[in-house]
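Colleague: Sequence and predicted structure below; questions after.
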Amino acid sequence: MNKVMLIGRITRDPELRYTSSNIPTVRFTLAVNRPFGNQNGERETDFINIVVWRKQAENVKKYVTKGSLVAVEGRIQTGSYEKDGQRIYTTDVVADNVQFLESKSQSQNRMQEEVTPADFAFNNDSAQTTDMSEEVFADFGDSIEISDDDIAF
């Protein structure tokens, strides 16, 4: 069985593209907190590549922006490609379902305020409460860099 369920925040605005067969697709990275702390008691975050297809991709582009809180249900897919003579291996989550966990207006209002790394904190236990005050990204600085090598195409 290959089943993945994730809740996190989108790291940048999704970009809608179309295949040569005119099928819409969106790729984005989801920041997901680990449910435990490291040796120093600090919570770490995983950045997971998500791929969405067809109508769901168009809806993601239309309703989701950087920092939006979403739930993703899908499956893990591995692949590889060659770049500059080297084999690059990829791991993506292909989304079967993307649930928007906040309204577009909530997301826009949040982004209009001054955005700090702490604004992207999400405690997996907070699904039952609304307290999202934990500063998960405090040690990351002002920006998160994702290289072109992280993108499968």
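Modeller: Cool, the structure landed. Residues are numbered from 1 along each chain as shown.
Colleague: Let me see the ranges of the helices in this protein.
Modeller: Secondary structure of the chain (DSSP state H): helices at 54-63, 104-112.
Colleague: which residues does Asn2 contact?
Modeller: Shown in contact with Asn2 (CB atoms under 8 Å, 6 or more residues apart in numbering): 75-76. Just so you know, the C-beta spots here come from the backbone N, C-alpha and C atoms, and that holds for glycine as well.
Colleague: Residue numbering should commence at 250 henceforth.
Modeller: Done: numbering now begins at 250, and the last item shifts to Asn251.
Colleague: Who is Arg276 paired with across the strands?
Modeller: Note on Arg276: beta-bridge partners by DSSP bridges are Glu264, Val300.
Colleague: Phe296 now?
Modeller: Assessed by DSSP bridges, Phe296 has beta-bridge partners Ala280.
Colleague: I'd assumed Asn282 was in contact with it.
Modeller: No - taking CB atoms under 8 Å as the definition, Phe296 is not a contact partner of Asn282, at 11.0 Å.
Colleague: Please identify which of the two sits among more neighbours.
Modeller: Neighbours were counted for Phe296 and for Asn282 using other CB atoms under 10 Å; Asn282 has more, 22 against 13.
Colleague: quick one: the more buried one from Pro263, how far?
Modeller: 20 Å (CB to CB, to the nearest Å).
Colleague: same thing with Val313?
Modeller: For Val313, the distance to Pro263 (CB to CB) stands at 6 Å.
Colleague: can you check Glu322 too?
Modeller: Distance from Glu322 to Pro263, by CB to CB: 17 Å.
Colleague: need the strands for this structure, in chain order.
Modeller: Using DSSP state E, the strands of the chain run over 253-259, 264-267, 273-286, 292-302, 318-332, 335-349.
Colleague: any chance of these in JSON lines, plus mean pLDDT?
Modeller: Shown next, in JSON lines, are the strands of the chain (pLDDT from 0 to 100):
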{"stretch": "strand 253-259", "mean pLDDT": "96"}
{"stretch": "strand 264-267", "mean pLDDT": "93"}
{"stretch": "strand 273-286", "mean pLDDT": "92"}
{"stretch": "strand 292-302", "mean pLDDT": "94"}
{"stretch": "strand 318-332", "mean pLDDT": "95"}
{"stretch": "strand 335-349", "mean pLDDT": "95"}
